[in-house]
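Peer 1: Structure of the sequence below:
(one chain, ligands or ions: 1)
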Amino acid sequence: MLDLIGAMAFRTAGTAQRLGLFEVLGAGPQSAAGVAAKLGLPAGTLTVLLDALVSFGYLRKAGDLYTAGPAASPWLDRNAGGGFAPALAVWHELLGELWQGLEESVRAGRPPEPFYPWLERDPDRVRDFQAMLAGLAWMLAPAVVEAAPKIGGGSLLDVGGGHAIYSIAFCRAAPELTATVIDLPGALSQGRAHVEEAGLAERIQLVPGDLADHIDGRHDAALLFNVVHGLDPEAAADLVARTARALRPGGVLLVLEPFADPPEGTGAHDAAFLGGFSLNLAATQGGRLYTFDEIAGWAAAAGLGGIERLALSAPGTDELLVARREAQ
Ligand SMILES: C[S@@+](CC[C@H](N)C(=O)[O-])C[C@H]1O[C@@H](n2cnc3c(N)ncnc32)[C@H](O)[C@@H]1O
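Peer 2: Down below sits the predicted model:
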């Protein structure tokens, strides 16, 4: 029953967001007729939706007036920061659209269509996807830089670095460092804005391209952050190998992912999310979460050594795998 109610609450919130309801109520209390007039919608079903949002805890109702609770505004109100708005929009589309093909994906053993072209086809979709990841990255980046081996200077390759937040964080920590971010064009448009805002356009280069054929150079460090889990095992091992080859001797590979074998003590909530997330990766991207040992094995096969697993001093389930190319 809890799962059923959760699914209903999630779909209701996602629909309310698409209708623009959280921005209307974020501006102040409204009657159902007032919300209907503002959104240009008939009041009938909308009133039932508003009442459902009250029962799920998003809104409050006093007399005829509906008020946004904190989950609705600021968290889902884009005019008030909307910290969770991109994540709701992305997951609502994923579960509402791509998961329609879940049964077919399981039967066929692969997703019905390639995920990133689907994402890049719609500028709003890719904007929300990158904004969701950027929100996480702003939160994790200080802990990632703190946990990673010190990268003093030289050049950093950020493979699938999209929003560029991790490159920005490493460049801020090392004034001599320059970075190259490789990603698809839609993903990089947000990266460009972040790099310019950070005043790092001279040091961070954004290269539109496909990961299948754009990884080269002799870098001091390379980031594979949340990229490996979007690929099947063969493509993931190949990406690790090609990224390893783009390191100069003594260079370091950093892989940031939630591993399929999270540390002991991982809470039930995090473990349940990871199970669903891995299924989402399999069904929509043809990837899945991998264990630390699987990724470490690909790094070792690519000739890297000194492989370590590092925890982050930040909330969440992401961990770091560090591997080094031997200095000659
Ligand atoms: C899950 S996101 C991770 C973004 C960032 N590294 C992070 O950790 O927040 C995966 C990234 O890989 C990029 N990507 C996926 N397939 C790609 C491809 N074939 N070529 C270039 N970039 C790709 C996506 O656009 C996206 O930015």
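Peer 1: From residue 7, how far out is residue 92?
Peer 2: Residue 92 is 12 Å from residue 7, where distance means Cβ to Cβ, to the nearest Å. Using the backbone N, CA and C atoms, a C-beta is placed for each residue, glycine as well.
Peer 1: Show me which of these two is the more surrounded one.
Peer 2: Comparing residue 92 with residue 7 by other Cβ atoms under 10 Å, the one with more neighbours is residue 92, at 18 against 11.
Peer 1: The closest residue to that one other than its chain neighbours: how many residues sit nearby?
Peer 2: For residue 92, ignoring the flanking residues on the chain, the nearest one in space by Cβ to Cβ, 6 or more residues apart in numbering is residue 14 at 3.1 Å. By other Cβ under 10 Å, the residues close to residue 14 number 19.
Peer 1: Look up how far residue 273 lies from residue 14.
Peer 2: Noted for residue 14: a distance of 17 Å to residue 273, by Cβ to Cβ.
Peer 1: Now for the nearest residue to residue 129 once chain neighbours are set aside: which residues touch it?
Peer 2: Excluding its sequence neighbours, the residue lying closest to residue 129 (Cβ to Cβ, 6+ apart) is residue 90, at 5.3 Å. Counting by Cβ atoms under 8 Å, 6 or more residues apart in numbering, residue 90 touches 125, 128, 129, 132.
Peer 1: Helix or strand: which one has residue 135?
Peer 2: Using DSSP states H and E, residue 135 sits within helix 123-147.
Peer 1: which strands and helices sit next to that helix?
Peer 2: helix 85-96, helix 115-120, helix 165-173, helix 185-197, strand 247-258, strand 318-324 (3 or more Cβ pairs under 8 Å, 6 or more residues apart in numbering; DSSP states H and E).
Peer 1: Out of those, which one sits most buried?
Peer 2: Of all these, helix 165-173 has the most neighbours on average by mean count of other Cβ atoms under 10 Å, namely a mean of 23.
Peer 1: Tell me if the lowest-mean-pLDDT helix or strand in the chain is near the ligand.
Peer 2: One helix or strand of the chain scores below all others by mean pLDDT, DSSP states H and E: helix 115-120, with a mean of 92. Yes - under the criterion of Cβ under 6 Å from any ligand atom, the ligand is reached by helix 115-120 at residue 116.
Peer 1: CA atoms only: put that helix into CSV for me.
Peer 2: Written as CSV, here are the backbone C-alpha positions of helix 115-120 (Å, rounded to 0.1, in the frame of the first residue of the first chain):
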residue,chain,number,x,y,z
PHE,A,115,18.9,7.3,-23.7
TYR,A,116,21.2,10.3,-24.4
PRO,A,117,19.9,11.1,-27.9
TRP,A,118,16.4,10.9,-26.3
LEU,A,119,17.5,13.4,-23.7
GLU,A,120,19.3,15.7,-26.1
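Peer 1: how near is the closest residue to residue 5 other than its chain neighbours to the ligand?
Peer 2: Excluding its sequence neighbours, the residue lying closest to residue 5 (Cβ to Cβ, 6+ apart) is residue 56, at 8.0 Å. Distance, residue 56 to the ligand, using Cβ to the nearest ligand atom, to the nearest Å: 29 Å.
Peer 1: Just read off the phi/psi values of residue 56.
Peer 2: Phi and psi for residue 56, reported as degrees, to the nearest 10, are phi -80, psi -10.
Peer 1: okay, now it: neighbour count?
Peer 2: For residue 56, using other Cβ under 10 Å, the count is 18.
Peer 1: What of residue 307?
Peer 2: For residue 307, the neighbour count with other Cβ under 10 Å is 18.
Peer 1: go on, residue 57?
Peer 2: The burial count for residue 57: 13, using other Cβ under 10 Å.
Peer 1: now do the one 4 residues further on
Peer 2: Neighbour count for residue 61, taken as other Cβ under 10 Å: 16.
Peer 1: which residues touch it?
Peer 2: 50, 51, 54, 67.
Peer 1: now with 6 Å?
Peer 2: Neighbouring residues of residue 61 by Cβ atoms under 6 Å, 6 or more residues apart in numbering: residue 54.
Peer 1: quick check, it in a helix?
Peer 2: No - assessed with DSSP: H, G, I helix; E, B strand; the rest coil, residue 61 is strand; it does not lie in a helix.
Peer 1: For residue 20, see how far away it is.
Peer 2: 19 Å.
Peer 1: CSV for the helices and strands packed on helix 123-147, including distance to residue 41?
Peer 2: Listed next are the helices and strands packed on helix 123-147 as CSV, based on distance: least, Cβ to Cβ, whole Å:
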stretch, distance to residue 41
helix 85-96, 18
helix 115-120, 29
helix 165-173, 37
helix 185-197, 31
strand 247-258, 39
strand 318-324, 40
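Peer 1: out of those, nearest to residue 212?
Peer 2: Shortest separation from residue 212 across the helices and strands packed on helix 123-147 is recorded for helix 115-120, at 11.2 Å, computed as Cβ to Cβ.
Peer 1: just how off-centre is the closest one within its chain?
Peer 2: 14 Å (Cα atoms, centre = their mean, to the nearest Å).
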